[in-house]
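1. Quick one, structure for this:
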Amino acid sequence: MLHVEKSITIVDVMNEFTSKCHCKGNSPKRSLRFGLLRSTRNDNFHIAFTIIALFLLACLIAPAKVFALRPFVTTDADVVETNLVEIELGVFGLHTQRHPGADELTLDIPGIRFNYGLPWDSEIVLETVGELIDNEYKGELGIKEKQFANTAGFYKKVWWRGSDWIPNFATETGIVFPTEKDTSGLNFEGTGIFSWYLNNLTCHLTLGGGTEKEPFEHNRRGLFIYGIILDVPLPQYKKLHFVSEYSGEKRKSATLDHQLLGGFMWEGPKEIEYDIAGFTGLNSESMDWGMTMGITFIIGKTFHRRGR
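-> All right, here's what the predicted structure looks like:
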């Protein structure tokens, strides 16, 4: 259970984040979260994001069961039960990108993903993340930009459920909104996901593609998206999982952007999942390094646990 002092601190951060700011700096760069672009904010997103954050803080006082897929870039072939809401809350994250002269450091405070269960083994997914950016980082943090990134809406559908070596299969399709600096127009993405739930190993494979509109250009270019997740419960303590992921994206006429993630997930008290992970880019096109930590829980009464 969160204490009031912590809630006030988070609210103070949100108030500061949603205050009026002047954004300047380099052209937007990519995020590996399904190839979403970073761009400018607008006041409507500020208001909505603040309301959502306050709502989440209240919900954290009495959480229910959890089944989620933080802290990964890609996802799994499963959905939340009908009429339930799954909350994936990235409490804190940061990553750096090397540039000539000065690095760029980005703080993620917070990242939110809503999964609402629909009939026919499907769900609606809404997500966004608040970013504080220092694009002239030289060892001392100074926030130069504030924005929302990775703002998107998806429809996810499980087409069949397997067992043992026969995987679940799901698709996730949706729209990426231009809520970041120097972007305009909607982008589209679609992925197919396979999930194997074995005795001592869970594996998720994501393959897909989408469109991307470059800043100040009218044309769109294709995007290939992929990722593989491994989840292994520790032999001596089954509620603690070691997790890893290799994910990437390849844009037409561009260098592959890919990364490697490793961390831990803990099935904690009151059916809340806690996670922490670090990641590193694998070439010059990728982010240099970063970390993320968060929690996941369900609002409502659930009758089965999402496979892991």
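2. Quick one: residues contacting Y246.
-> 227-228, 258-261 (C-beta atoms under 8 Å, 6 or more residues apart in numbering). C-beta: built from backbone N, CA, C; applies to glycine.
3. Helix or strand: which one has it?
-> Using DSSP states H and E, Y246 sits within strand 237-251.
4. if we can go back for a sec, which among the contacts of Y246 count as buried?
-> 227, 258-259, 261 (16 or more other C-beta atoms under 10 Å).
5. Can you tell me which of those comes closest to K156?
-> Closest approach between the buried ones among the contacts of Y246 and K156, by C-beta to C-beta: G227, at 15.2 Å.
6. wait, that closest one sits on H258?
-> No - with contacts counted by C-beta atoms under 8 Å, G227 stays clear of H258, the gap being 9.2 Å.
7. if I look at the two, which residues touch both of them?
-> The contact lists of G227 and H258 share 246-248, where a contact means C-beta under 8 Å, 6+ apart.
8. need the next SSE after the strand or helix carrying R113, C-terminal direction.
-> Following DSSP H and E, one finds R113 within strand 103-118. The helix or strand immediately downstream of strand 103-118 is strand 122-137, counting by DSSP H and E.
9. Show me which positions of that following strand end up buried.
-> For strand 122-137, by 16+ other C-beta under 10 Å, it's 122-125, 127-137.
10. Give the pairing partners of that strand; include direction for each.
-> strand 103-118 (antiparallel), strand 145-160 (antiparallel) (DSSP bridges).
11. will you turn these into CSV that also has mean neighbour count and distance to G192?
-> Output for the strands paired with strand 122-137, formatted as CSV (neighbours: other C-beta atoms under 10 Å; distance: least, C-beta to C-beta, whole Å):
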stretch, mean neighbour count, distance to G192
strand 103-118, 20, 18
strand 145-160, 20, 9
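12. Could I get those in TSV, plus columns for mean pLDDT?
-> Formatted as TSV, the strands paired with strand 122-137 follow (pLDDT from 0 to 100):
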stretch	mean pLDDT
strand 103-118	89
strand 145-160	93
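13. shouldn't D134 be in contact with H95?
-> No - checked against C-beta under 8 Å, the pair D134 and H95 is beyond contact range at 11.8 Å.
14. Overlap in contacts, the two.
-> 105-106.
15. Pass me the low-pLDDT residue ranges in this protein, would you?
-> Counting by pLDDT under 70, the chain has low-confidence residues at 1-68, 99-102, 136-141, 214-218, 301-308.
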